[in-house]
Structure formats: C-alpha cells, structure tokens
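Undergrad: pasted the sequence and its predicted model underneath.
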Amino acid sequence: MTQTLTLTINGTKHDIELEDARPTLLDVLRERVGLTGTKKGCDRGQCGACTVLVDGRRINSCLALAMSHDGADITTIEGVADGDTLHPVQAAFIENDGFQCGYCTPGQIMSAIGLFSENGTANDPEQLREGMSGNICRCAAYAGITEALLDAQTRLSGKE
C-alpha cells in the first residue's frame, strides 16, 4: 500500500510516495529528495552528522521515521544560506576553521542553528560545548568549532 508523505523542505513542498512506512527521514531526504548535505554517520543517533531542523527543533534524522513527520517543515543544510550569502553560522565555521574533513560540518552547523534558536545566546564556551554534545567530530576540531560558535553568536546578535 502506497502512502503519500508531505514535507515542506527548505521552503518547498514535497509530496513523496512511500511504499513502506519504515524509511527514516534521513533516507527520504538523501535518496528520494536528493538532498545529500545531511550525512549518514553512525545511523544510530550517536554522532549528530544527520542533524536537521524539524519545525525549528533539531533532531537526528537517522532515528526519525519520515512518516511520523508528515506535514512538517524541515530545514537541511542546503536551506540555510540566502542565495550566495552564507548563514552567519556557516560563515563563522569557515572563518574559524570549525572543520577539518568536513563530514560532520553540516550536522554541526544545523545543531548550532537549532541551539541558538532554542536557547538564545550563551557566551560561555562550556555551555556551548554542552549544547553541542550530541555532535561528534572525528577529527577533533572542537577548538575551531567552539570559536566558530562564539563568532556566530556575535554575528547573529549584530555586534560584529
């Protein structure tokens, strides 16, 4: 039995036909919609590489059944820039070397955007690290990530 899943992804409505109710949101985004910026890391919800925003809240898309988010508003890494203008978090990651291999970077950026929207700003590096604890960087670029988060908060507050 085919079911129709309706998602608004990065501002565009998608009606997706699913033959099975079991695909994860991650697999639907990557394989059915073609948005491959969201990464499949551990496929167990432990690394955060698959972080997306669902109705403004960050989730691990590898753990979420797509059908359970029917009608949701999804934001992926492909939807955060404004044309050629990077989101302040993206720009801060680049300027502060908040990555090495880059595999975790989309999830890190999405998690940071979600963190700032959930909790506002916190200029304490320890609070930022705690807020990002669900995202693992295998290259251990944590110093650059923390600097990028502090820089991004300044950019988002307009106090550059």
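TA: Happy to help now that I have it. Since the model is a prediction, treat every value here as computed from it, not as a measurement.
Undergrad: what's the nearest residue to Val80 if we skip its chain neighbours?
TA: If the residues on either side of it in the chain are set aside, Val80 comes closest to His87, at 4.1 Å by C-beta to C-beta, 6 or more residues apart in numbering. Bear in mind the C-beta positions are built from the backbone N, C-alpha and C, glycine included.
Undergrad: wait, the one you found touches Pro106, no?
TA: No - between His87 and Pro106 there is no contact under C-beta atoms under 8 Å: 11.6 Å.
Undergrad: sorry, back to before: what's the neighbour count on the residue nearest to Val80?
TA: Neighbourhood size, His87 [other C-beta atoms under 10 Å]: 20.
Undergrad: then Glu17?
TA: If you count neighbours by other C-beta under 10 Å, Glu17 ends up with 9.
Undergrad: contacts only, for the closest residue to it other than its chain neighbours.
TA: In space, and not counting its chain neighbours, Glu17 is closest to Thr2: 5.4 Å by C-beta to C-beta, 6+ apart. Contact analysis of Thr2 by C-beta atoms under 8 Å, 6 or more residues apart in numbering lists Glu17, Leu18, Glu19.
Undergrad: that's a strand at the first one, yeah?
TA: Yes - under DSSP: H, G, I helix; E, B strand; the rest coil, Glu17 falls within a strand.
Undergrad: isn't it right up against Met1?
TA: No - applying C-beta under 8 Å as the test, Glu17 and Met1 come out as separate, 10.9 Å apart.
Undergrad: one step back: how much space separates the residue nearest to Val80 from Cys42?
TA: Separation of His87 from Cys42 (C-beta to C-beta, to the nearest Å): 25 Å.
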